[in-house]
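**Student:** my questions are about this predicted structure, shown below with the sequence.
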Amino acid sequence: MSTWEKLKKYTSFDPGITLPSIIIIFTVVFGCAAFPEITETYLTQARHWITSSTGWLFILGASFFVIFLLILCVSNLGNIRLGNDDDEPEHSFFSWLAMLFAAGMGIGLMFFGVAEPISHFAQPLHAGLSVNDQAKTAMLNTFFHWGIHAWAIYGVLGLALAYFGFRYHVPLTVRRAFFPILKDKVNGPIGRFIDVVALSCTIFGITTTLGYGALQLAAGFKEIHLIDSVQPSTLVLIILVCTSCSILSAISGVSKGVRYLSEINLLLAFGLMLFVLLAGPTVFTLNAFTENLGAYIANLVPLSFRTFAYDPQNEGWFTSWTVMYWAWWITWSPFVGMFIAKISKGRTIREFILGVLLVPTVFNLLWMTVFGNTAIWVDLTHKGILSGLTGQTESMLFAFLHQLPFSQITSFLSIVVITLFFVTSADSGIFVVNGIASSGGTQFPRWQSILWGAVLAALAILLLYTGGLDALQAMNMVMALPFLLILLLLCFCLFKGLLVDEDYFGRGLSACTSYWTGSAWQDRLHSMAISPDLNHARDFIRNTAVPAFKELAQEMENYGVKATVKMNGPYNMPRAEFTIVQSTMRNFTYGVMCQETDVSEFATENPAMPQINREVMYVPVSYFADGRIGYPVRYMKKEELIVDVLRQYDRFTKLATDKRHRLFLFDPED
């Protein structure tokens, strides 16, 4: 027995993913700790090369994701369900929208809600603008950075995870979405390399966000006079305390309590936004939101492809803002993508895309209007009191609140909100990182959560120590570039999978295999005149389906084909399954189960439909191993059911000869 096999009882790690990721992370940690100046120099050089040489790729990539999702949404592919055909959404529509709304909240909105609009207003892109035009341009650029592009990046990865994970019942890992081009190699070095990049990317994306949170918390503590000045030791203490709380949450099984805490925090954040709206120029802010939204929609296309190729003097602004944001969203995408994938099982692709692109985006834009436009109003009213802080972005929120009523209360509330966002983000981040490192596992030893929490804390501290916010953003850029390429290739895999899905599930049955004849039509009419109840469905399974399956299995043995027949399910809702065992692909299964169907009140009250006097019917329907739900079979005789099994097996064998359908025919257990 190898050393790793002995260690398996103590860990859920996949060594092919975890060990390379740990090497990458600790190389960065060692460089930051032992050679901070050299590391800062290398990070700065890497950031400069990436932004100057590949900024166009980030712009094209993010815009492509928006277009790609919109095409899927309006096409027939949007009807495909994220799961089996009969899977119902696990959450109600409004509950799902609420969770998407919550996904749009976080440290970023708290950090940049005031800082970004004021920065754009104080340092306008173009000279000679009037004050009103400066404000409009500032809000337009802010909307662009926090708008639909961010959620398109999250949505592409979330959709791929949900589609392949729930449609084909494979673990929610990035590499599984590459099956259409990698096939069995998803379990090999190439597949693991994809997860290594995803894991490293996620860690540095979370680290950047935690760094923002630590800087802003320190500024908040200074605002309410808990500290006199922000020292490196202050940031270290904040990160250690908050990540320790996250680790305790992750290992103590109090996730339900953390969820409630997160929901309370969302209410606090919404309350803070409502206070700012009412305490500021309310009518002006609402008018500004309407005008900002219109300007954003009208300018979305030119903004989406803007690289300042003809305005090189603005290249610094472009790389410091737009490219930085796109890189941040890309490194944050495994985290958010995993969340929105997990809550979207049972939704159609069209529902998923519309929900993900619209709900969080609209809330982000509303938040930025309330804080951004009110901050600009405060700045104009108080003669540039916020514009003078453009070099202290972490302090802007508290300087802004100081100009509104009850500033001590709102500053304290902001600190609470940021702290809770910090703790819940790190706690969820530990779970996501554990899942990627464990090839999609959901149960982890406690020491793994402690390890990842310590890694997040160490990286945030050392990167801040090495070069502050610039070092965090530079590391983000370095990790975002390879993952951007992975996301672009992921779109191709997803599209290919969806096309095969439509072909496979839309493939009609051959007319030559039809079992309908003119015989026994009186029996069928008799069956139609009787409302199918549970007893009829059970009797069909036991007295028609099982004997038919047994007779067919016995006949197939004469041809050397191994087939099994079994009954499963509870007594009152039985299932019968006929299975032909395959050695190199998914078994062929034809099953019959009782399906409960709601009856329309129009049918129960219609005299032309006799004996339908109940609100539900129980109909025996066919189902198959690849997740399809078939059709009602209650009118079939034993011989007809045998013929129907054979025609489905004929379809199965024909599809198996087409290489494009391998995704549907491979066995996920192998």
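**Tutor:** Structure's in. What do you need?
**Student:** from here on, contacts and neighbour counts on C-alpha atoms
**Tutor:** Noted.
**Student:** the most centrally placed residue in the chain: what secondary structure?
**Tutor:** Among the residues of the chain, Gly337 comes closest to the average C-alpha position under CA atoms, centre = their mean, at 2.2 Å. Gly337 carries the three-state label helix when classified by DSSP: H, G, I helix; E, B strand; the rest coil.
**Student:** surely it meets Tyr163?
**Tutor:** No: here Gly337 does not reach Tyr163: they are 12.0 Å apart, not a contact under CA atoms under 8 Å.
**Student:** next, count neighbours for the nearest residue to Lys550 once chain neighbours are set aside.
**Tutor:** Nearest non-adjacent residue to Lys550, counting by CA to CA, 6 or more residues apart in numbering: Val565, 6.4 Å away. For Val565, the tally of surrounding residues (other CA atoms under 10 Å) stands at 20.
**Student:** show the contacting residues for Val565.
**Tutor:** Under the criterion of CA atoms under 8 Å, 6 or more residues apart in numbering, the contact partners of Val565 comprise 546, 549-550, 553, 576-579.
**Student:** at 7 Å what do you get?
**Tutor:** Contacts for Val565 (CA atoms under 7 Å, 6 or more residues apart in numbering) come out as 549-550, 577-579.
**Student:** from the contact counts, what lies against the biggest strand by length in the chain?
**Tutor:** Across the chain, the strand with the greatest residue count (assigned by DSSP state E) is strand 588-598. The criterion is 3 or more CA pairs under 7 Å, 6 or more residues apart in numbering; DSSP states H and E, and the helices and strands that strand 588-598 contacts are strand 575-580, strand 616-624.
**Student:** low-confidence stretches in the stretch 251-400 of the chain?
**Tutor:** Within the stretch 251-400 of the chain, the segments meeting pLDDT under 70 span 253-259.
**Student:** and the strands in it?
**Tutor:** Counting by DSSP state E, counting those that start in this stretch, the stretch 251-400 of the chain has no strands to list.
**Student:** mind listing the helices in it by residue range?
**Tutor:** Across the stretch 251-400 of the chain, reading from the start of the chain, the helices by DSSP state H, counting those that start in this stretch fall at 255-279, 282-304, 315-318, 324-342, 349-381, 396-401.
**Student:** for those, which one sits closest to Tyr635?
**Tutor:** helix 349-381 (34.2 Å; CA to CA).
**Student:** among the helices and strands packed on strand 588-598, which one carries the weakest average confidence?
**Tutor:** Within those, confidence is poorest for strand 616-624, with a mean of 86 (mean pLDDT).
**Student:** from Ala309, how far out is Gly128?
**Tutor:** Relative to Ala309, Gly128 is positioned 21 Å away (criterion: CA to CA, to the nearest Å).
**Student:** scratch that, Ala375
**Tutor:** According to CA to CA, Ala375 stands 31 Å off from Ala309.
**Student:** and stretch 88-103, C-alpha only, in PDB?
**Tutor:** Listed next in PDB are the C-alpha coordinates belonging to stretch 88-103 (Å, rounded to 0.1, in the frame of the first residue of the first chain):
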ATOM      1  CA  GLU A  88     -38.000  20.600 -10.300                       C
ATOM      2  CA  PRO A  89     -36.100  23.700  -9.000                       C
ATOM      3  CA  GLU A  90     -34.900  23.100  -5.500                       C
ATOM      4  CA  HIS A  91     -35.900  26.700  -4.500                       C
ATOM      5  CA  SER A  92     -38.900  28.800  -5.300                       C
ATOM      6  CA  PHE A  93     -38.500  31.400  -8.000                       C
ATOM      7  CA  PHE A  94     -38.500  34.300  -5.600                       C
ATOM      8  CA  SER A  95     -36.200  32.500  -3.100                       C
ATOM      9  CA  TRP A  96     -33.800  31.900  -6.000                       C
ATOM     10  CA  LEU A  97     -33.900  35.500  -7.100                       C
ATOM     11  CA  ALA A  98     -33.300  36.500  -3.500                       C
ATOM     12  CA  MET A  99     -30.200  34.300  -3.300                       C
ATOM     13  CA  LEU A 100     -28.900  35.800  -6.600                       C
ATOM     14  CA  PHE A 101     -29.500  39.200  -5.100                       C
ATOM     15  CA  ALA A 102     -27.500  38.200  -2.100                       C
ATOM     16  CA  ALA A 103     -24.700  36.900  -4.400                       C
END
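**Student:** distance from it to the middle of the chain?
**Tutor:** Taking the mean C-alpha point of stretch 88-103 and that of its whole chain, the gap between them comes to 13 Å (CA atoms, centre = their mean, to the nearest Å).
**Student:** average pLDDT across it?
**Tutor:** Model confidence over stretch 88-103, given as mean pLDDT, is 78.
**Student:** then stretch 33-53?
**Tutor:** Along stretch 33-53, the predicted local confidence has a mean pLDDT of 85.
**Student:** what residues does that stretch touch?
**Tutor:** With contacts defined as CA under 7 Å, 6+ apart, stretch 33-53 is touched by 31-32, 319, 323, 462, 466-467, 471, 474-475, 477-478.
**Student:** what residues of it count as buried?
**Tutor:** Buried residues in stretch 33-53, counted by 16 or more other CA atoms under 10 Å: 33, 36, 39-40, 43-44, 46-48, 50-51.
**Student:** among these, which one lies nearest to Val241?
**Tutor:** Ala33 (20.5 Å).
**Student:** secondary structure of that closest one: a helix, I assume?
**Tutor:** Yes: the assignment for Ala33 (three-state DSSP) places it in a helix.
**Student:** how far away is it from Pro232?
**Tutor:** The spacing between Ala33 and Pro232, counted by CA to CA, is 14 Å.
**Student:** what's the neighbour count on Leu488?
**Tutor:** The burial count for Leu488: 16, using other CA under 10 Å.
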